[in-house]
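J.: Turn this into a structure:
(chains A, B and C)
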Amino acid sequence: MAPVARIAVDVSLAHLDRPFDYLVPAELDGVAVPGCRVRVRFAGRLVDGFLLERGEGSAHAGTLAYLEKVVSAEPVLRPEVARLARAVADRYAGCLADVLRLAVPPRHARTEAAAASTVERPDEAWANEWDPYPGGPELISALANGESPRAVVTVLPGEDWPARLAEAVAATVHSGRGAVVVVPDARDLDRLDAAVATPHAVLAAAQGPAQRYRQFLLASRGAVPVVLGTRAAAFAPMAPLGLVAIWDDGDDLHAEPRAPYPHALQVLLMRAQLESAGALVLATSRSAEAQLLVETRWAVPIAADRSVVRVRAPQVAPTGDDLDRARDPAAAVARLPSLAWRTARDALASGAPVLVQVPRRGYLPAVSCVECHAPARCGRCAGPLELRSSHAVAACRWCGRPAADFACHRCGGRRLRAAVIGAGRTAEELGRAFPGSPVRTSGRDAVLSTVGPEPALVVATPGAEPRAEGGYGAVLLLDTWALLTRADLRAGEEALRRWLTAATLARPGPDGGRVVVVADGGLVAVQALLRWDPATFAARELGERRELGFPPAARMASLTGPADAVADLLTLAALPEGAEVLGPVPVAASDGAAEERALVRVASRHEGAALAAALHAAAGVRSARKAEGAVRIQVDPRELW
DNA sequence: TCAATCCGTATC
DNA sequence: ATACGGATTGAC
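T.: Numbers count the residues shown, from 1 in each chain, chains lettered A, B, ... in the order given. Got it, this is the predicted structure:
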């Protein structure tokens, strides 16, 4: 074979983020195949790497070193995945090595030796129940015919989404192509795993090394045509790829917390683009990112007609926080608005369980408009305002400008109020208000996946709501202010997503479960819930982001680190024309150290590539100089505040 | 004039 | 991290 091996070394230094050429010694010629793991001497020490390709020559002027060792001839990094990883690194201003660590699980030698490699590509039947969705059955047929449709699907309340995804997957496999499906967490993965009858591998973060590698090899060796998993599965090898799909792309869990912080949705979309595969973005709600796909016509929207939604959606009613409470002692015990208390009581009496959604504790104090309750934003850069104990006046969290002359961007109000979030209601309090009904909790440390059909109060934090057999008789959405006044640009979108997720667990239809949301019925997000209209809300949300210059309409990068380091990086970066730097402002680092954060934004997504390239190059100059202090670069950080 | 040492830079 | 090249320094 060709004598030169191009190697991606496992070194995450920005200035070394490119392949290096080595000579293949004669005895390794047969095993040094593209995609295999190698060890090479790099700057005097032995490092791991992946062999990207073999070539005849090298552009390197100096003499080439020899490969030290081929760890295994198993081609774990397929060319399409290498290309995807490079594109993801570029998009997120990060290093290929960091992305490859996310994409390829660590080797487990025993598993590699033992794992079977039978190719199993059954000719799937692909009947489907997409009829309620105009364009749905055609979408499935297109996949079965080997086409690559792209759609943002808004599912009906109570939809058996794992079954719908399973149908899309079966149709894709029928066409002789593979599918990769990503869900937020282990609970969703279990459901999907159960629903998909096509032979598949399951890749989850929680798996042990052997299990994880075994499942990875099933896909890598082409033994199965389908991979289901959590965010890292977006990189799973699958050739030829016919479909990528994601469930509930608005869930934070899709955002990778390790550098370069890629989001599973973006990874899958890039992948669909690179490999000409179909793409399905499936959710009960709709994120601004999904809306952008629709508005740019990258994907078609698929949703049931309003008439069908009306029949399937539960009845939702808003209620003020405390108007009737004083008149209703039983409700006061639970600190529940009267309507919420009565709705729960009736559901329990009818023999059905009741879901109570309570936000998690510990949100940051935010500032909002006294008149319309809109989160207060900076007059200059539209960043969120915050109150600090050291300052009398609220100031912008992004650019630091004091907001002495505040004017609400929505209603023009000039007064601010602190929206400090108090503690949530406890399960014990609810238990006292409903003596005789069992109270169950589902939250952070103990998540229930399902509860029985018998009457019970089920208190859950967002994302941990168990499904109830037969559906809930009532769903109460409490302390909604905690969600809505979060100092986060996604607060409204996130609140609606969480409410819809809980409400979708109610018995379907106007005569089914009742949903009570304790919030002002005039708020946009609450209106969207009452009308069960996430698409219109998403369009409005994206419109606002466009006006304010926020992602995904614009592209932003946050630079966090010691003050000198952030300043140094900003000096070195040859930012694209029109890039706007906000801040830096002081932020509290996790370990208490004083850090600063600057935000850089460009108006269009096209300039995003140039922005990422400029930041990566500047980081390269700093790492080459061994400059003091690390700067964390996050492109389109999910939590912008 | 040459060798020992220092510093900066590249790392194949 | 380590290795190398060019510059710098000090002794003959």
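
J.: count of residues packed around the residue in the stretch 301-450 of chain A that DNA strand C sits nearest to?
T.: As assessed by CB to the nearest atom of the strand, DNA strand C sits closest to residue A:398 within the stretch 301-450 of chain A, at 34.7 Å. The way it works is simple: take the backbone N, C-alpha and C, and place the C-beta from them, glycine included. If you count neighbours by other CB atoms under 10 Å, residue A:398 ends up with 27.

J.: Over to residue A:57?
T.: Neighbours of residue A:57 under the rule other CB under 10 Å: 9.

J.: That one reaches residue A:23, doesn't it?
T.: No - if you go by CB atoms under 8 Å, residue A:57 and residue A:23 don't touch, sitting 11.0 Å apart.

J.: related to what we said a few turns ago, just the pLDDT at the residue of the stretch 301-450 of chain A closest to DNA strand C, thanks.
T.: We have a pLDDT of 75 for residue A:398.

J.: can you tell me the helix or strand for it?
T.: Assigning secondary structure by DSSP states H and E places residue A:398 outside every helix and strand.

J.: unless I'm mixing things up, it is touching residue A:600, no?
T.: No - taking contacts as CB under 8 Å, residue A:398 lies outside contact range of residue A:600: 10.9 Å.

J.: What residues are bridge-paired with residue A:384?
T.: Assessed by DSSP bridges, residue A:384 has beta-bridge partners residue A:377.

J.: So residue A:51 belongs to a strand, correct?
T.: Yes - according to DSSP: H, G, I helix; E, B strand; the rest coil, residue A:51 belongs to a strand.

J.: so what pLDDT did it get?
T.: So residue A:51 comes in at 97 (pLDDT).

J.: Please apply the same query to the one 10 residues further on.
T.: Confidence at residue A:61, expressed as pLDDT, is 81.

J.: That one in helix, strand or coil?
T.: coil.

J.: Let me see the ranges of the helices in the stretch 501-641 of chain A.
T.: A:524-530, A:534-548, A:563-572, A:606-624 (DSSP state H, counting those that start in this stretch).

J.: One more: the stretch 301-450 of chain A?
T.: Counting by DSSP H, counting those that start in this stretch, the helices of the stretch 301-450 of chain A are A:306-312, A:329-333, A:338-349, A:427-433.

J.: And those helices: which comes nearest residue A:252?
T.: Closest to residue A:252 of these, according to CB to CB: helix A:427-433, at 24.2 Å.

J.: Could you find the closest non-adjacent residue to the residue of the stretch 301-450 of chain A closest to DNA strand C?
T.: Excluding the flanking residues, the one nearest residue A:398 by CB to CB, 6 or more residues apart in numbering is residue A:383, at 3.0 Å.

J.: follow-up on the earlier one: mind listing the shared neighbours of residue A:57 and residue A:23?
T.: Common neighbours of residue A:57 and residue A:23, using CB atoms under 8 Å, 6 or more residues apart in numbering, are residue A:4.

J.: Give the helix, strand or coil label for residue A:165.
T.: helix.

J.: pretty sure it is touching residue A:193, no?
T.: No - the criterion here is CB under 8 Å, and residue A:165 misses it with residue A:193 at 11.1 Å.

J.: Please identify which of those two sits among more neighbours.
T.: residue A:165 (26 against 17).

J.: Most proximal residue of the stretch 51-200 of chain A with respect to DNA strand C?
T.: residue A:62 (8.6 Å).

J.: That residue - how many residues pack around it?
T.: 7.

J.: For the stretch 101-250 of chain A, which segments count as helices?
T.: Along the stretch 101-250 of chain A, the stretches classed as helices by DSSP H, counting those that start in this stretch are A:109-114, A:136-144, A:161-174, A:186-195, A:209-220.

J.: Turn those into TSV, columns for mean pLDDT.
T.: What follows is the helices of the stretch 101-250 of chain A, written out as TSV (pLDDT from 0 to 100):
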stretch	mean pLDDT
helix A:109-114	90
helix A:136-144	97
helix A:161-174	97
helix A:186-195	96
helix A:209-220	96
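
J.: Could you work out which of those reaches nearest to residue A:35?
T.: When these are compared (using CB to CB), the closest one is helix A:209-220, at 8.8 Å.

J.: got a list of contacts for the closest one?
T.: Residues contacting helix A:209-220 (CB under 8 Å, 6+ apart): A:74-76, A:78, A:104-108, A:110-112, A:115, A:117, A:201-204, A:207, A:223-224, A:227, A:236-238.

J.: Buried residues in that helix, which are they?
T.: A:211, A:212, A:213, A:214, A:215, A:216, A:217, A:218, A:219, A:220 (16 or more other CB atoms under 10 Å).

J.: What is the burial count for the residue in the stretch 151-300 of chain A that DNA strand B sits nearest to?
T.: The minimum distance from the stretch 151-300 of chain A to DNA strand B, using CB to the nearest atom of the strand, falls at residue A:259 (18.4 Å). Counted by other CB under 10 Å, the residues lying close to residue A:259 total 21.

J.: Residue A:94 is in contact with that one, correct?
T.: Yes - Residue A:259 sits in contact with residue A:94 when judged by CB under 8 Å, with a separation of 5.6 Å.

J.: Identify each of the strands in the stretch 1-150 of chain A and give its residue range.
T.: A:4-9, A:20-23, A:37-42, A:45-55, A:67-72, A:150-154 (DSSP state E, counting those that start in this stretch).

J.: hey, which of those strands is tucked in deepest?
T.: strand A:150-154 (a mean of 25; mean count of other CB atoms under 10 Å).

J.: Could you tell me how many residues sit around residue A:638?
T.: With other CB under 10 Å as criterion, residue A:638 counts 19.

J.: hang on, it packs against residue A:490?
T.: Yes - if you go by CB under 8 Å, residue A:638 and residue A:490 touch, sitting 7.4 Å apart.

J.: Just the mean pLDDT for stretch A:476-484, thanks.
T.: Regarding stretch A:476-484, the rounded mean pLDDT is 80.

J.: Report the distance from that stretch to the chain centre.
T.: Centroid separation for stretch A:476-484 versus its chain: 21 Å, with CA atoms, centre = their mean, to the nearest Å.

J.: what does that stretch rub up against?
T.: Here stretch A:476-484 has contacts from A:336, A:340, A:343-344, A:354-359, A:363, A:373, A:419, A:421, A:424-425, A:462, A:491-492, A:494-495, A:498-499, A:502-503, A:515-519, A:523, A:525-526, using CB under 8 Å, 6+ apart.

J.: Let's see that with 7 Å instead.
T.: A:340, A:344, A:354, A:356-359, A:363, A:419, A:421, A:424-425, A:491-492, A:494-495, A:498-499, A:502, A:516-519, A:523, A:525 (CB atoms under 7 Å, 6 or more residues apart in numbering).

J.: picking up where we left off before, contacting residues around the residue of the stretch 301-450 of chain A closest to DNA strand C?
T.: Counting by CB under 7 Å, 6+ apart, residue A:398 has contacts A:378, A:381, A:383, A:582, A:583, A:585, A:599.

J.: how about a cut-off of 10 Å?
T.: Residues near residue A:398 by CB atoms under 10 Å, 6 or more residues apart in numbering: A:377-378, A:380-386, A:556, A:558, A:582-585, A:597-599, A:601, A:640-641.

J.: and if you look at residue A:357?
T.: So residue A:357 contacts A:424, A:458-465, A:475-480, A:483, A:498-499, A:501-503, A:505, A:515, A:517 (CB under 10 Å, 6+ apart).

J.: Now, those that are in helices?
T.: Using DSSP state H, the subset of those located in helices is A:480, A:483, A:498, A:499, A:501, A:502, A:503.

J.: what's the nearest residue to the fifth one if we skip its chain neighbours?
T.: Nearest-residue entry for residue A:501: residue A:284, 6.0 Å, with adjacent residues in sequence omitted and distances by CB to CB, 6+ apart.
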